[in-house]
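Can you look at this prediction? I've put the sequence above it.
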Amino acid sequence: MSKTNRRKFLGTAAAICAGTAAAAMPGQTAAKKYPMCHHVFFWLKNPGSKEDRDALIAGLKTLAKIPTVRDLRVGIVANTEARGVVDTTWGVSELMFFDNVEGEAAYQVHPIHQEFIKKCSHLWDKVIVYDAMEV
C-alpha cells in the first residue's frame, strides 16, 4: 500500500470511528430527544444581499426563545459536491425540534413567531416547510 493510500485509509478509518463513537453516545441527537422536526427553507428576495441574509438569520435565531422549541439550527447552503438530487436554490434554512405536534402548533401562534413573520417576511420570496415525525 502506498503512503498516500495508507494515509487516506487511516484518515477515513479515524473519521468513521469518531463518528460512530459520537453517534453511540446517549442523548446526543435532537431527533432522539425530540421526535417532531420542522424544517423550513427560505428563498431570499435579494439572494445576493448578505445584509438581507444576515437579517433573516438573526430573526430566525430569536425563535429559540419560544418555550416549545427544543432545538433550533439555522443554516445556509453548504458548498458540497453538485449532484442532481441536491437543491441549492434556497438561501437560509431553519431546523427545529419539538416534543410533539402540539408543541409545534403552539410555536406557530406564539407572539415571538408572529413578530418574526411581521419583521422578516419582506426578506423572502418563497418558503417551503417540511414537517416530520421520527418513526
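Received, thanks.

so what's the residue positioned nearest the centre of the chain up against?
Residue closest to the average C-alpha location in the chain (C-alpha atoms, centre = their mean): residue 95, at 3.5 Å. Contacts here follow C-beta atoms under 8 Å, 6 or more residues apart in numbering; on that basis residue 95 touches 37-40, 72-75. C-beta: built from backbone N, CA, C; applies to glycine.

6 Å - rerun?
Residue 95 makes contact with 39, 73, according to C-beta atoms under 6 Å, 6 or more residues apart in numbering.

and what of residue 113?
Applying C-beta under 6 Å, 6+ apart to residue 113 gives the contacts residue 107.

now it: how far from residue 35?
Between residue 113 and residue 35 the distance is 20 Å, computed by C-beta to C-beta, to the nearest Å.

coming back round to it: A helix includes the residue nearest to the centre of the chain, no?
No. The assignment for residue 95, made by DSSP: H, G, I helix; E, B strand; the rest coil, is strand rather than a helix.

ok, it to residue 89 distance?
18 Å.

and residue 72, that one's in a helix?
No. Under three-state DSSP, residue 72 sits outside any helix and is assigned strand.

so what's it up against?
Listed by C-beta under 6 Å, 6+ apart, the contact partners of residue 72 are 64, 96.
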